[in-house]
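>>> Make a model of this:
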Amino acid sequence: MSAQRPNILFISTDQQHYSVLGVTNPKIKTPTLDRLAGEGTRFERAYCPNPTCSPTRASLITGMYPSQHGCWAIGVKLAEDVPTVGEIFQKHGYESILIGKAHFQPLASAPGSESIERQPLMRDLDFWRNFKGPWYGFNHVETARMHANESHAGQHYAIWMEEKGLTNWRDYFQEWPPNSNDKYAGPYYQRGALTWDIPEEFHHTRWIGERTIANMRSCQERDKPFFLWASFFDPHPPYVVPEPWASMYDPAEMEPGRYVAGEFDDMPPQFARTRQDNPDFSDYNEPGGHGLHGFHSHLHSEEEMRRSMAAYYGMTSFIDQEIGRILDYLDEAGLAENTLVVFTTDHGHFLGQHGLIAKGAFHYEDLLRVPMIVRQPGTIPAGKVSSAIQSLVDFPQTWLAAADIDAPGQMQGVNQLPVWQGEQSAARDHALIENRHNPTSVHLRTLVTARYKITVYRGAAYGELFDLESDPEERHNRWGDPGYAAIKSDLLLKFVQSEIARESTRMARVAHA
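As a prediction, the model looks like this:
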């Protein structure tokens, strides 16, 4: 491989809490990610641009915020004419490869919003045998759509299982069409856990590890630099994982987050309703809206959450093992020094913090902050921990900079390469997080600075203001606190300034008129 053209290996998990790293949390075993942190730089203040899957994943390939690239919520298609970073890499001689989860399209089609990530097409394996791209800037795609044992299993993952000899793979996933007597029916999507009977060697985590290595090997054999996204599905619920990972962690040793009585007293209305047995969120319904993630009861028993955490940790440790195989291949193939490795997740997750489970329109650090590690021996400082604010929207622009390729004007992030390489202390002083889960009724934005976080809701007088220095657990909303009035005013002005500053320029101004 040419030293002038580094490979870009992007490794992501799905919905991983920022604390679920062995290097900071002795409860979990992630020796590979610990090694990666030791050989690279770990960023403690990385944020997603949206706390749901599709919008952030679209930002990761476009360098644009959801309000700009148009995939503003899950269930919304990313238009196929939106410019992507993979297209740019291909123009400069790179292979652009996606292995694993995409989620760029919804689970249904509509006129003008056609999707191939839908049933029954996902189980039409003849279609997927003949489809490997091009797609969203990737000239080679091997993808799937389920989480754990969901019925959406199929696509290239199912083809791989059949090639490996598991011709009855359907027996290990929830049925399609859905069946109320499904052997996998149960509450473990958000509460509890299930030991999955699929053999470990057929799990999608193994599939991603194996196919990532195979594609890197193919690029090396053809002397082609690569931009490759290894996109793992776990530890997103349901909390389902095979042995030995299912029993790797003792639920009794897990320490879930907790709700503190009264902490929702001054919060927007959706928070307190999560403490009800059968809350009514019907006032948030509107035309153009669909199922509201997180707008349900979050009540759970301590035992359920401990089981959930044990499975969640097991799912993460399994991924860690496969990342280890990927990194070992880079070493064995002599590619490590010329490969920029970037690890993160698409957004965070609640494991009982504030009494919450999974995700929703609850902009705590647990959901917005993400784990992040960057490594390139000899280029990225080793063993460093940085508090420089990062946003996942910055990744495409920074990957291009690493390859000495100019970023187009439509990208809205900033170039973090000097920060990653230790030459600059910070490239931004804030992060912006969008969340438009319904057209108007669940529409909020958050500004995070080194010390403060402020959240504004569309059409509402209420909001959130947290002092992350004096209140790191975010128990005291200062939105209506007179003692924080001046700080609130300053943050709101900064919010408006940051909105102005991120305006993109797809076309350059080339004349006076």
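>>> From here on, just use CA atoms for contacts and neighbour counts.
OK.
>>> Report the buried residues of stretch 452-461.
452-457 (16 or more other Cα atoms under 10 Å).
>>> Columns distance to residue 129, secondary structure and pLDDT on top of those, output as CSV?
Converted to CSV, the buried residues of stretch 452-461 look like this (distance: Cα to Cα, whole Å; DSSP: H, G, I helix; E, B strand; the rest coil; pLDDT from 0 to 100):
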residue, distance to residue 129, secondary structure, pLDDT
452, 50, strand, 99
453, 47, strand, 98
454, 48, strand, 99
455, 46, strand, 99
456, 46, strand, 98
457, 45, strand, 98
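>>> Including distance to residue 317, could the residues you listed go into TSV?
Formatted as TSV, these follow (distance: Cα to Cα, whole Å):
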residue	distance to residue 317
452	33
453	31
454	34
455	34
456	37
457	37
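>>> Can you tell me the number of residues neighbouring residue 325?
Counted by other Cα atoms under 10 Å, the residues lying close to residue 325 total 18.
>>> Correct me if wrong, but it is in a helix.
Yes - the assignment for residue 325 by DSSP: H, G, I helix; E, B strand; the rest coil puts it in a helix.
>>> Grab the nearest non-local neighbour of it.
residue 209 (7.0 Å; Cα to Cα, 6 or more residues apart in numbering).
>>> what do you get for residue 478?
residue 465 (5.0 Å).
>>> Across the sheet, point out what pairs with the one you found.
residue 454 (DSSP bridges).
>>> Run through the residues that contact it.
Neighbouring residues of residue 465 by Cα atoms under 8 Å, 6 or more residues apart in numbering: 452-455, 477-479, 488.
>>> Same question for stretch 117-127: list its buried residues.
In stretch 117-127, counting by 16+ other Cα under 10 Å, buried: 117-119, 121-123, 125.
>>> Quote the end-to-end distance of that stretch.
12 Å (Cα to Cα, to the nearest Å).
>>> For it, what is the distance to the chain centroid?
The chain centroid and the centroid of stretch 117-127 are separated by 24 Å under Cα atoms, centre = their mean, to the nearest Å.
>>> Stretch 274-286 too?
Distance, stretch centre to chain centre, for stretch 274-286: 26 Å (Cα atoms, centre = their mean).
>>> With only the CA atoms kept, save that stretch in CSV.
Provided in CSV are the C-alpha atoms of stretch 274-286 (Å, rounded to 0.1, in the frame of the first residue of the first chain):
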residue,chain,number,x,y,z
THR,A,274,-41.7,7.4,32.2
ARG,A,275,-42.3,6.7,35.9
GLN,A,276,-46.0,5.7,35.3
ASP,A,277,-47.2,2.2,34.7
ASN,A,278,-49.3,3.1,31.7
PRO,A,279,-48.4,6.6,30.6
ASP,A,280,-50.4,8.5,28.0
PHE,A,281,-48.3,10.1,25.3
SER,A,282,-51.1,10.6,22.9
ASP,A,283,-50.7,14.4,23.0
TYR,A,284,-47.5,13.9,21.0
ASN,A,285,-49.2,12.1,18.2
GLU,A,286,-49.5,13.9,14.9
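>>> residues making contact with it?
With Cα under 8 Å, 6+ apart, stretch 274-286 has contacts from 270, 273, 295-299, 355-356, 438-439, 441-442.
>>> Which PyMOL command selects the buried ones in those residues?
Selection of buried members from these for PyMOL, criterion 16+ other Cα under 10 Å:
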select buried, resi 270+273+295+296+297+298+299+355+356+438+441+442
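>>> got the contacts of stretch 274-286 as TSV, with distance to residue 513 and secondary structure columns?
As requested, the contacts of stretch 274-286 are exported to TSV (distance: Cα to Cα, whole Å; DSSP: H, G, I helix; E, B strand; the rest coil):
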residue	distance to residue 513	secondary structure
270	50	helix
273	55	helix
295	50	coil
296	54	coil
297	57	coil
298	57	coil
299	61	coil
355	57	helix
356	54	coil
438	40	coil
439	37	coil
441	41	coil
442	41	coil
